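Asks: return atomic coordinates for the entry below.
(chains A and B)
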Amino acid sequence: MLRAAITRRCTRSFHKSSVNHAASIFKMPAMSPTMTEGGIVSWRIKEGDTFNAGDPILEVETDKANLDVEAADDGKLWQILVQEGASGIPVGKAIAFLAEVDDDLNNLEKPKIEEEKPKEEPKEEPKEEPKEEKKEEKKESKSNKEPKSEPKSSKPVKSEGILQKANPNQKLSPAVELLLHDNNISEEDAISKIQASGPNGRILKGDVLAYLGSIQTDSVVKLTEFLKSREHLDLSNIVVAESKPKDEVKSEPKKEKPKPQNILQFELSSSLQEGVSREDFEFAFDKSIQSAIQHTYAHKYPEFSNSPTASSIYDKYDVFEDIISPPVTKDRFKVYDVQFKFQNKSIQQSYTNFDEILGISRQIPNSSSNEISSEVNIQFKVKYDTKLPDSRQFVEYFEKSLLSQVPPSKLKITN
Amino acid sequence: MFRSTRPTRQLIKKLNLRSMASKPVAMAADAHAEKSETSDLVTVTLPEGSFEGYHLEVPDLSFETEKESLLKIYKDMIIIRRMEMAADALYKAKKIRGFCHLSIGQEAVAVGIENAIDKKDTVITSYRCHGFAFMRGASVKAILAELMGRRSGVSFGKGGSMHMFAPGFYGGNGIVGAQVPMGAGLAFSHKYRGDKNVTFDLYGDGASNQGQVFEAFNMAKLWNLPVIFCCENNKYGMGTSAARSSAMTEYYKRGQFIPGLKINGMDVLATYQGSKFAKDWAAQGNGPLVIEYETYRYGGHSMSDPGTTYRTREEVQHMRSRNDPIAGLKAVLLEKNIATEDEIKSYDKAARKYVDEQVAAAEADAPPEAKMDILFEDVYVPGSEIPVLRGRISDDTWDFKNKAFLNKVY
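Replies: Presented below is the predicted three-dimensional model:
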């Protein structure tokens, strides 16, 4: 029992000794990182009241909002130092004394604020002041340097508005830094001697080059002038477009409707020999076109020359051929709209290559005996696929193979 | 009755004084206490509903533990609480700047996990890391110094609140959710080395919707890694409640193919028992586990969040008064006659005094010197540096041998 009592006493003494700061100073809290001062809107509790951790103690007005200041710990509000309604209280200023819940307020010692104040505030102030002074000094020293160095470096340039003094607070860009380093120019020298053309007195690479003499200062000025003239979009000259009369609009598309580029018109004339019916001729002509087409494809794809149709399906060709050029099975061009005009004229037709073709199924006629022969005008169109890169070549070869069968004078190709 | 408890109490006092003085000594004292007081066991019975399982048999609700360890848990929690409160005050006095995320209210998670694992296990967490850093061995002074940007800080005053490290503690990570796959990597290293240790890989309820969390789940299950994915669900991801951000708020079922366990994160004995179970589960080669610690933070998400715009003050005060982990353990200590009211008060006072002293000590330390080589000193483990670290331009290229820029112009 005794020992237990002793230990308890020990704990109590320990307990007491641990409480050195009987009352604690409650300072104006910074409720946001940017807050430097605030006002006290209201105290939520009265002097002498106890509070629990998390209870709002007072409402503070910051630059952004009114916020409740919560208690971090259980305690008691002993004395309010700054009353409600006060504003502009700097962060860190003592605004109240807090005591612990079980503290006897009568025996408490008030912590000394005055001692702490000068300790803290002077600490902050002297730190700040010298910095400012130093900065000013630096600025002054720099500004002193500038006028001295000006006459040395700056050649009188007409456009003073364009080139300005370098801003001493700038961070030089890597390009400028590298150039300065390469030419052993210190940063201070650069700022005092080099005239800047960039925005807000920023030294650009061109300025350094001009200073070094590797480019003309005029060109820097010109370029900067140009850039400045284009800095802002000039919208003052913009006028709402007038709506054009409808007739014009309508007529234009008609004119503009271009002939499709990929359609070729073929015209050729031939003579129809005696004993050849029109149907036979048409059939023969069809055949000749078919063979010309097959020729064309066979020329490009000799391995398929024997295939029954130009576009018959074969799988044997190289897979990669597909990527390089379209497969053989793709139709490059199409012959359509074939029209025959038969004219009965008794013109002697001489022997032509074309007749030979026509006479696939016929015997070669005795051209000399052709007295009654009729003229045939044939028109047809060829449409080629523009999506395939080689279709134009196909058509050209098709033309050639036709020309080889028809004398050029008789074949007319229009686009 | 007194006879059996007397030596304990004396020890507690010694321990109390010492642990406040320096942590390693306290641990030595603990070890000593464990040897001499092995019979000093208590049986703890957790309330129903402390655990919920998903494809898992929940751990036993009752377990035996030493009185000493319960006291140690209590002291750890109050020190973390005090430390975080000190950080709060320092921030409001503008002595801590920048990011600062406090874990007031969530102490039970860090303390419960640390007491359930050993020093060879690894822990990785997000930016709410002060408590974990302390539990893993960083001193209060070093943590506060880091927050105030002092050279004596855990990251030498260059990391700040988000970047704290300790042996077996891999941060302190600023990118939301990015630590989860890294934790899976730590678990892979355990498996690769063949040790029986595990990784506790913590993230918040906000981060649980990050894609890389699920990628980590997949790899961990695929490779059967000894990793415990721990979702610290404090109900609010920044200012958005869990229900407004997550399609499914039962975070312990998020593993789908990984068994899950939900733990009452406001009860440190539950977090301790659950974490211990999880450690054993993963160490025995059962693969990963997803744990949800259901907890609550009393403060805002960070120092720039007052924390009362998206939830009511009543809700916070309700959690404080009903579910506080420290008050909860205090009740257990009193109920089991492990400590008296006065003793507990003395611990509280001692913790407060200790933290106040550490604040003063940390504040007195100097910030890092404005030297260029201090910038580069922690890029590589000393001795493993590359000769030259390339910079933006040649002027920025750092020569590790000469501790200077290779092409100095500044």
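Asks: all strands for chain B, in order.
Replies: Ranges of strands within chain B are B:41-45, B:51-54, B:62-66, B:122-124, B:199-204, B:227-233, B:236-237, B:240-241, B:260-264, B:289-294, B:388-389, B:398-399, B:404-405, based on DSSP state E.
Asks: pull the distance from the fourth one to the chain's centre.
Replies: Averaged C-alpha coordinates place strand B:122-124 at 9 Å from its chain's average position (Cα atoms, centre = their mean, to the nearest Å).
Asks: pull out the buried residues from that strand.
Replies: For strand B:122-124, a neighbour-count test (16 or more other Cβ atoms under 10 Å in any protein chain shown) marks B:122, B:123, B:124 as buried. For the C-beta atoms, the positions are set from N, CA and C on the backbone; glycine is no exception.
Asks: now render those residues as TSV, adding distance to chain A and pLDDT.
Replies: Conversion of the buried residues of strand B:122-124 to TSV gives the following (distance: Cβ to the nearest Cβ, whole Å; pLDDT from 0 to 100):
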residue	distance to chain A	pLDDT
B:122	32	97
B:123	27	97
B:124	28	97
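Asks: wait, a strand at residue A:340?
Replies: Yes - counting by DSSP: H, G, I helix; E, B strand; the rest coil, residue A:340 falls inside a strand.
Asks: and it, how many neighbours?
Replies: By the criterion of other Cβ atoms under 10 Å in any protein chain shown, residue A:340 has 15 neighbours.
Asks: quick one: contacts for it?
Replies: Residue A:340 sits next to A:278, A:281, A:282, A:285, A:376, A:377, A:378 when contact means Cβ atoms under 8 Å, 6 or more residues apart in numbering or on different chains.
Asks: and what of residue B:134?
Replies: Residue B:134 neighbours (Cβ under 8 Å, 6+ apart): B:76, B:79, B:80, B:83, B:110, B:140, B:143.
Asks: the same query, at a cut-off of 10 Å, please.
Replies: B:23, B:76, B:79-80, B:83-84, B:107, B:110-111, B:114, B:140, B:142-143, B:154, B:164, B:166, B:169 (Cβ atoms under 10 Å, 6 or more residues apart in numbering or on different chains).
Asks: so which of the residues you listed also contact chain A?
Replies: Among the contacts of residue B:134, proximity to chain A is found for residue B:84 (Cβ under 10 Å from any Cβ of the partner chain).
Asks: derive a PyMOL selection command for the buried subset of the contacts of residue B:134.
Replies: Listed next is the PyMOL selection for buried residues among the contacts of residue B:134, using 16+ other Cβ under 10 Å:
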select buried, chain B and resi 23+76+79+80+83+84+107+110+111+114+140+142+143+154+164+166+169
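Asks: what about the strands in the stretch 251-400 of chain A?
Replies: Secondary structure of the stretch 251-400 of chain A (DSSP state E, counting those that start in this stretch): strands located at A:263-272, A:333-343, A:374-384.
Asks: can you read off the pLDDT for the residue nearest in space to the middle of chain B?
Replies: The residue lying closest to the centre of chain B (Cα atoms, centre = their mean) is residue B:132, at 2.0 Å. pLDDT recorded at residue B:132 is 97.
Asks: spatially nearest residue to it (excluding sequence neighbours)?
Replies: Counting by Cβ to Cβ, 6 or more residues apart in numbering or on different chains, residue B:132 lies nearest to residue B:110, which is 4.8 Å off, once chain neighbours are set aside.
Asks: which of the buried residues of strand B:122-124 sits closest to residue B:181?
Replies: Nearest to residue B:181 among the buried residues of strand B:122-124: residue B:124, at 10.1 Å, using Cβ to Cβ.
Asks: could I get the full set of helices for chain A?
Replies: For chain A, the helices defined by DSSP state H cover A:2-18, A:113-153, A:174-182, A:187-193, A:205-212, A:217-229, A:246-256, A:278-300, A:321-324, A:353-358, A:391-405.
Asks: leaving out the residues flanking it, which one is nearest to the closest residue to chain B within chain A?
Replies: Nearest residue of chain A to chain B, counting by Cβ to the nearest Cβ: residue A:29, 3.6 Å away. Excluding the flanking residues, the one nearest residue A:29 by Cβ to Cβ, 6+ apart is residue B:92, at 3.6 Å.
Asks: local confidence estimate at the one you found?
Replies: 92.
Asks: sorry, back to before: return the residues in contact with the residue nearest to the centre of chain B.
Replies: The contact partners of residue B:132, taken as Cβ under 10 Å, 6+ apart, are B:80, B:103, B:109-111, B:113-114, B:123-126, B:138, B:164, B:166, B:169, B:171-172, B:200, B:202.
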